[in-house]
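# make a model of this:
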Amino acid sequence: MDIYDIRDPHTRVADNSLLVELFHPLRLEKEVSCKYSIAHARVLAHEKTLPHRLIRSSEVYYILSGRGIMHIGNEQKEVQKGKLVYIPPGSSQWIENTGDSELIFLAICDPLWREDDELIGEQHFQTPASSDPFMEAAIEEAELGRKEGGIPIGSVLVRDGKIIGRGHNRRVQNQDPMMHAEIDCLQNAGRIGKYQDCTLYSTLMPCYLCAGAVVQFQIPRVVVGESRTFPGAREFMEAHGVIVTDYSLSRCRDMMESFIRENPELWNEDIGALE
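Below you'll find the model as predicted:
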């Protein structure tokens with residue numbers, strides 16, 4: 001039986017809250033199987049946290065006392081004792097205390113909180129993937145595919161903050177209709193056993209073929225560069241419990257729009273739209 005005595009004081013952290021870690025697997029003296037972390041946070045009366053976001057982790061706030069307003073993206077709602085707030089990965093967020101007493105809540109991160117996963121400040125929300133090395137890696141794969149004469153879609157598979165698989169669309173290069181970017185990425189990752197602690201990045205919203213692989217392997221999170229040029233199978237993935245984050249990057253969108261203008265028949269073949 002593991003019981004921990006939490007005596008550390010609250011300290012003011014980067015987002016302006018007063019916080020103490022209650023449980024973090026990397027801070028323990030023994031290895032545990034948990035992949036989440038728990039913190040106890042306080043926001044003083046009439047104060048608010050700074051806008052921030054977690055690139056890869058989702059977060060849950062459970063309000064213990066006080067009242068305030070929770071902001072997630074362009075949405076805002078009142079919160080008070082007993083309310084639970086889910087914050088998807090990649091979402092801008094901040095909370096303000098509108099009461100005369102402290103606003104106190106638990107903050108649970110999954111995967112566990114890491115300093116390099118958190119971005120502080122409004123400027124990051126204008127270009128949400130500018131500091132996301134995994135989306136940058138997916139874009140590099142897409143650009144490589146285009147240089148090879150293929151379709152510019154790239155993908156990477158991430159586990160524990162490290163890339164374990166890379167790929168790009170090779171339908172043209174390999175004369176293989178199944179070799180979409182996400183499939184290439186998963187094949188290159190090889191047999192990794194389980195996928196429940198992985199995140200799949202793709203420059204474009206996955207189609208039903210690739211979404212099927214996501215659901216089949218129980219990959220819990222998918223992060224995409226954009227979905228305007230191709231809406232893909234987002235609803236299918238979300239209906240099966242997959243958390244989908246769309247960065248809506250103009251860089252990814254411009255890359256695809258340029259390719260589609262220059263290669264309409266090849267694009268329609270890729271998405272199964274040839275008549």
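# pull the number of nearby residues for residue 63.
20 (other C-beta atoms under 10 Å). In this view, the C-beta of every residue, glycine as well, is placed from N, C-alpha and C.
# meant to ask about residue 138
The burial count for residue 138: 34, using other C-beta under 10 Å.
# likewise for the one 5 residues further on?
By the other C-beta under 10 Å criterion, the neighbourhood of residue 143 contains 15 residues.
# what separation is there between the residue nearest to it when sequence neighbours are not counted and residue 106?
Nearest residue to residue 143, sequence neighbours excluded (C-beta to C-beta, 6 or more residues apart in numbering): residue 152, at 6.6 Å. Here residue 152 is placed at a distance of 43 Å from residue 106 (C-beta to C-beta, to the nearest Å).
# so between these two, which is more surrounded?
residue 152 (25 against 15).
# do you know the pLDDT at the more buried one?
Here the pLDDT value assigned to residue 152 is 96.
# now residue 263
Residue 263 carries a pLDDT value of 89.
# element containing the residue nearest to residue 143?
For residue 152, there is no helix or strand it lies in under DSSP states H and E.
# go on, residue 79?
strand 75-80.
# quick one: contacts for the residue nearest to residue 143?
Contact analysis of residue 152 by C-beta atoms under 8 Å, 6 or more residues apart in numbering lists 142, 143, 145, 146, 168, 169, 203, 255, 256, 259.
# apply 7 Å and report the result again.
142, 143, 145, 146, 255, 256, 259 (C-beta atoms under 7 Å, 6 or more residues apart in numbering).
# which one of these has the most neighbours?
residue 142 leads those on contacts (other C-beta under 10 Å) with 28 neighbours.
# excluding chain neighbours, what is closest to it?
residue 154 (3.4 Å).
# sorry, back to before: quick one: contacts of the strand holding residue 79?
63, 67, 68, 69, 70, 85.
# please name the residues that touch the second one.
For residue 67, the set of contacting residues under the criterion of C-beta under 7 Å, 6+ apart consists of 78, 79, 80, 98, 99, 103.
# which residues does it bridge with?
residue 80 (DSSP bridges).
# any idea how far residue 179 is from it?
Residue 67 is 53 Å from residue 179, by C-beta to C-beta.
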